[in-house]
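>>> The following block contains a protein sequence and its predicted model.
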Amino acid sequence: MGLSELNFIRRPARCDGWRLALLAAGALALLPAAGHWLAQAQTVRRLEAQLAQAQPRQVAAAPLAPALQREQDAQLKRVADAVRRLNLPVTRLIRTVQAPRDVRVALLGLDLNGDNDEGGRPSGALKIAAEAETAQDMLNYLAFLNQQTLFKSVYLLKHEMHTGAPEHPYRFQLEAQWQQ
C-alpha cells in the first residue's frame, strides 16, 4: 500500500469478554425492575377493570303512587317555605324600623310575614305595634318609615289613646309593605 491510499472504513472492534460480561450483568440487574414494572402494570389494569364495574349505573326511578307523590310534594313545599322564611332580611328590617332619637316612639311588637314576589325577590308585610307620647310623634314615625327605601308603603292600621296610663300615650299599629 502506498501513501496515497486512504481507508475510511473502520475495522470492526474486537469484542472482548469483559464487555459481554458487563452487558450481561446490567441485563441481570434490570430483570427484577422489569418484573416489578410488569406486575404493577397488571395491577393497574385489574384495578381499572374493577373501577369500571363499580361505576354507578343510571337507574330509572320508579314512578311513585299518586298518594306518595302528593305527600312528597307537600313535604317539598314545607321545606321550601322554611327556607324562604330563613332567608328573610329580619336584621335589616329591625334596624330599619328603629326610630331616630328625635321621634319618641317605643316599639311594642313586630309581626313579619314574608314571601317572594313575581321576580323571586323576598317581599312581604311587617306589622308594627308601637306607642308614642303624642299624636305628632306617631305621625313623625309614620313619615320616617315612609322615607325608608326598604318599604314600598307604610300605612296606619289603627290608633287609640291609652287612657289607663298616666300620660295617655297613643298606641297604634302600622303595616309596612317591604321588598328587597
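Nice, thanks for sending it over.
>>> And the host helix or strand of Leu76, how far out from the chain middle?
Following DSSP states H and E, one finds Leu76 within helix 66-86. Here helix 66-86 is found 20 Å from its chain centre; the criterion is Cα atoms, centre = their mean, to the nearest Å.
>>> How about stretch 125-134?
Taking Cα atoms, centre = their mean, one finds stretch 125-134 lying 36 Å from the centre of the chain it belongs to.
>>> which stretches of this structure form strands?
Counting by DSSP state E, the chain has strands at residues 105-116, 122-132, 151-161, 170-179.
>>> Quick check: which ranges of this protein have low pLDDT?
1-7, 9-15, 84-87, 114-122 (pLDDT under 70).
>>> longest helix anywhere in it?
If you go by DSSP state H, the chain has its longest helix at helix 17-54.
>>> Quick one: neighbours of Phe151, just the number.
Phe151: 19 surrounding residues under other Cβ atoms under 10 Å. No exception for glycine: its C-beta is placed from N, CA and C like everyone else's.
>>> and what of Val97?
For Val97, the count of nearby residues is 23 (other Cβ under 10 Å).
>>> Confirm for me that it is in contact with Leu107.
Yes. Val97 is within contact range of Leu107, at 6.7 Å (criterion: Cβ atoms under 8 Å).
>>> Now the common contact residues for those two.
Common neighbours of Val97 and Leu107, using Cβ atoms under 8 Å, 6 or more residues apart in numbering, are Ile128.
>>> hang on, the earlier thing: put together TSV for the strands of the chain, with distance to Ala25 on each row.
Below are those laid out as TSV (distance: least, Cβ to Cβ, whole Å):
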stretch	distance to Ala25
strand 105-116	81
strand 122-132	80
strand 151-161	91
strand 170-179	86
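>>> Quick check: which of those strands is nearest to Arg46?
strand 105-116 (54.1 Å; Cβ to Cβ).
>>> What strands flank that closest one, and is each parallel or antiparallel?
strand 122-132 (antiparallel) (DSSP bridges).
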